[in-house]
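Q: Fold the following.
(one chain, ligands or ions: 2)
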Amino acid sequence: MESMTFVLFGATGDLAKRKIYPALYNLYADGKLPESFSVIGLGRREIEDETFRGNVEQSIRQFSRRSPADREDLNAFLSSFRYHPLNVSNPEDYRKLLEVVQARETELRLPDNRLFYLSVAPEFFEIIARQIQESGLGATRGWKRLIIEKPFGHDLATARSLNENLSRAFEEDEIYRIDHYLGKTMVQNLETLVLANPVIQAVWNKEHISNVQITASETVGVEERAAYYDQSGAIRDMFQNHLLQVLMMTAMRRPSQITAKNIREEKRKIIEALRPVAKESAGLSVVRGQYAAGEMGGKSVPGYLDEPGIGAESKNDTFVAARLWIDHPDWEGVPFYLRTGKRMAAKSTRIVVEFKNPTEDLYSAKNEKTSPNLLIIEINPNEKISFLFNGKNSRSDGLIEPVEMNFRADQSELPEAYERLISDALDGDSTFFAHWNEVELAWQWVQPVLEAFEEGLLPLHSYAAGSNGPAASDKLLKEQGHEWRLDPDVPELIGQA
Ligand SMILES: NC(=O)C1=CN([C@@H]2O[C@H](COP(=O)(O)OP(=O)(O)OC[C@H]3O[C@@H](n4cnc5c(N)ncnc54)[C@H](OP(=O)(O)O)[C@@H]3O)[C@@H](O)[C@H]2O)C=CC1
Ligand SMILES: O=C1O[C@H](COP(=O)(O)O)[C@@H](O)[C@H](O)[C@H]1O
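A: Ligands and ions are numbered 1, 2, ... in the order given. Just a heads-up that it's a prediction; the model follows:
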């Protein structure tokens, strides 16, 4: 682990408070930060170093998975933090920042390895990258790296333009695009599950898999993020990035080696092979919805249009589902169903892999029913892998029923996604960051869908808050003889999983 300076743009913001400081603290507590390091927090407001350190401490006490046990140890951690007021569009502020960074490098005898973390609004990404270059902050003899938050562009054209501008200041291998789903335990575990288990590897293809379902349902509504969310919708907020990343991780084929380069290459092949949709026919494979008033946990909740900050006429999507096909020899004829929505019945991020069931005929002759084998990877809030198979029940009738085998990760010990990702960026490991190829190809698939939404070519279905989304999304599966698995209204399965 190399000593470095962590330059944090947006140090007074929500993400820094809720995720970044707790992640840094836990990495420190786990011995995963270098012995010597410097953190320089940046924001417009004028605050003293002491106040800044107090704010960092408060965020750790409130949001860290582990509370600081020892005052001395916490003070040692906080002593690395300094604050510098900076307005992103003022070049003079960057020159002063360079002096602050260099002074700390000299004082702590740090090499000029610098990690710049952009935890600010996306409209600032380009100007910051340019100023880092022009001020000399980026001219290091050591390494320089850029961690950039989502969203990466608003559509294909803006993502391309952002990337072009960033690449004037940073090489592709210096850019770490955060997709926090790639830092989740079970998303990272997918690679091991499929590649390290020959039995699973052998059946991970069109011969054995009937369909794959990826769900990210949330119970929360738009919360305080109306200004951002009403311009983005579920398609940009969750689908273009998190869901398509999970699809790539699920469908990627075996790489020749487990390296960042090879894994990203395999992911690229999958996203490249996604069958494009035309905007005129997007409605055949994509369903969009918006939540109406409903009931959640016994309480009435307002519909999207009545949420604070949302325009009364908003046509924004809070739900999107799609049926995708991967034109790859190993996945021919296997639909991948993706859906995400706010104000749904349950918080659940999961992948359900449904296997083909050639045993039906064999048992139907005996008037018995077998169910398809299901491999269920629960990502959030549980972190669990289950396999549902057929077994005889232990009652006197001895009928065949789905039986569950499972593995549950010990959640008390699990690092958070941000810990994993920041640690990887410090180590220079980009495996679980989104490469530009993946981001661009994901936007390429989504672009006609965005246009279809904007031009009103698809109906905007209403769904009651607290439901499983619009019924139209069930049709996407029914047309292929499938159904969503493990929705909360399928008690016999959710009860076991
Ligand atoms: N919050 C979250 O849960 C998530 C956030 N993100 C992304 O993370 C990024 C940050 O989000 P979040 O922390 O919520 O945003 P906030 O609005 O809470 O914070 C914004 C930060 O930017 C600083 N800032 C604003 N304008 C300027 C300026 N002109 N010059 C210098 N600094 C400025 C603010 O400091 P000051 O006011 O002192 O100037 C503040 O520190 C965004 O890209 C967002 O999309 C991604 C996923 C989740
Ligand atoms: O990136 C985002 O993710 C969250 C959901 O994340 P999870 O880790 O709780 O599954 C979502 O609420 C938010 O709208 C989106 O910006």
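Q: At the contact with ligand 1, which residues of the chain appear?
A: Selection of the chain residues close to ligand 1 by Cβ under 6 Å from any ligand atom yields 10-16, 43-45, 86-88, 119-122, 149-150. From N, CA and C alone the C-beta is placed, and that goes for glycine too.
Q: Shouldn't residue 83 be within a strand?
A: Yes: remark: residue 83 belongs to a strand, assigned using DSSP: H, G, I helix; E, B strand; the rest coil.
Q: For stretch 113-124, give me every contacting residue.
A: Contact with stretch 113-124 is made by 2-11, 13, 15-16, 20, 88, 101, 125, 128, 132, 137-138, 140, 142-152, 162, 425-426, as judged by Cβ atoms under 8 Å, 6 or more residues apart in numbering.
Q: Apply the buried test to those and list what passes.
A: 3-11, 13, 15-16, 20, 88, 101, 125, 128, 132, 137-138, 140, 144-152, 162, 425-426 (16 or more other Cβ atoms under 10 Å).
Q: neighbouring contacts of the helix or strand where residue 187 lies?
A: Assigned by DSSP states H and E, residue 187 belongs to helix 185-195. Residues from elsewhere that reach helix 185-195 (Cβ under 8 Å, 6+ apart): 181-182, 200-201, 204, 245-246, 249-250, 254-255, 258, 263, 351, 377-380, 383-385, 409, 414, 420, 432.
Q: Just list the residues touching the residue in the stretch 151-300 of the chain that ligand 1 sits nearest to, thanks.
A: Minimum separation of the stretch 151-300 of the chain from ligand 1 (Cβ to the nearest ligand atom) falls at residue 151, amounting to 6.1 Å. Shown here is residue 151, whose contacts under the criterion Cβ under 8 Å, 6+ apart are 122, 232, 236, 237, 241.
Q: let's go with 7 Å and repeat that
A: Applying Cβ atoms under 7 Å, 6 or more residues apart in numbering to residue 151 gives the contacts 122, 232, 236.
Q: what about it, which SS state?
A: coil.
Q: thought residue 283 was touching residue 460?
A: No: using Cβ atoms under 7 Å, residue 283 is not in contact with residue 460; the gap is 11.2 Å.
Q: what does this protein put close to ligand 2?
A: Contact residues, the chain versus ligand 2 (Cβ under 6 Å from any ligand atom): 216, 218, 237, 238, 349, 380.
Q: how is this structure carved up into domains?
A: 4-149, 182-417+437-479 (the TED database).
Q: re earlier: dump the contacts of residue 151 to a markdown table, plus secondary structure and distance to residue 77.
A: Putting the contacts of residue 151 into a markdown table (DSSP: H, G, I helix; E, B strand; the rest coil; distance: Cβ to Cβ, whole Å) gives the following:
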| residue | secondary structure | distance to residue 77 |
| --- | --- | --- |
| 122 | helix | 30 |
| 232 | helix | 35 |
| 236 | helix | 36 |
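Q: And for residue 389, nearest residue in space, chain neighbours not counted?
A: The shortest distance from residue 389 to any residue other than its chain neighbours is 5.4 Å, reached at residue 373 (Cβ to Cβ, 6 or more residues apart in numbering).
Q: gap between residue 108 and residue 443?
A: 41 Å (Cβ to Cβ, to the nearest Å).
Q: repeat for residue 475
A: 27 Å.
Q: Show me which of these two is the more surrounded one.
A: residue 443 (23 against 12; other Cβ atoms under 10 Å).
Q: residues of the one helix or strand that one maps to that come out buried?
A: Following DSSP H and E, one finds residue 443 within helix 436-454. Going by neighbour count (16+ other Cβ under 10 Å), the buried part of helix 436-454 is 436, 438-450, 452-453.
Q: Need phi/psi at residue 135.
A: Dihedral angles of residue 135 (phi, psi; degrees, to the nearest 10) stand at phi -80, psi -10.
Q: got it, and residue 426?
A: phi -70, psi -30.
Q: before we move on, the earlier item: quick one: which of the contacts of residue 151 has the most company?
A: residue 236 (22 neighbours).
Q: roughly how far apart are it and residue 42?
A: For residue 236, the distance to residue 42 - Cβ to Cβ - is 27 Å.
Q: again, but for residue 176
A: Look at residue 176 and residue 42: by Cβ to Cβ, they are 18 Å apart.
Q: again with residue 302
A: Note on residue 302: its distance to residue 42, by Cβ to Cβ, is 37 Å.
Q: Residue 101 is in contact with residue 4, isn't it?
A: No: the pair residue 101 / residue 4 is not scored as a contact, 10.8 Å apart, by Cβ under 7 Å.
Q: returning to what we had before: residues in contact with the residue nearest to residue 389?
A: With Cβ under 7 Å, 6+ apart, residue 373 has these contacts: 355, 387, 388, 389.
Q: Neighbour-wise, give me the winner out of the residues of the chain next to ligand 2.
A: residue 349 (25 neighbours).
Q: Which residue ranges of the stretch 251-400 of the chain form helices?
A: 260-272, 360-364 (DSSP state H, counting those that start in this stretch).
Q: list the buried ones in the longest one?
A: Going by neighbour count (16+ other Cβ under 10 Å), the buried part of helix 260-272 is 260, 263, 264, 266, 267, 268, 269, 270, 271.
Q: tell me the angle it makes with helix 185-195.
A: Taking axes from the mean of the first three to the mean of the last three Cα atoms, to 10 degrees, one finds helix 260-272 and helix 185-195 inclined to each other by 90 degrees.
Q: and helix 260-272, what other elements does it pack with?
A: helix 244-251, helix 436-454 (3 or more Cβ pairs under 7 Å, 6 or more residues apart in numbering; DSSP states H and E).
Q: want to try CSV for these, with distance to residue 157 and mean pLDDT as columns?
A: Formatted as CSV, those follow (distance: least, Cβ to Cβ, whole Å; pLDDT from 0 to 100):
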stretch, distance to residue 157, mean pLDDT
helix 244-251, 18, 98
helix 436-454, 9, 98
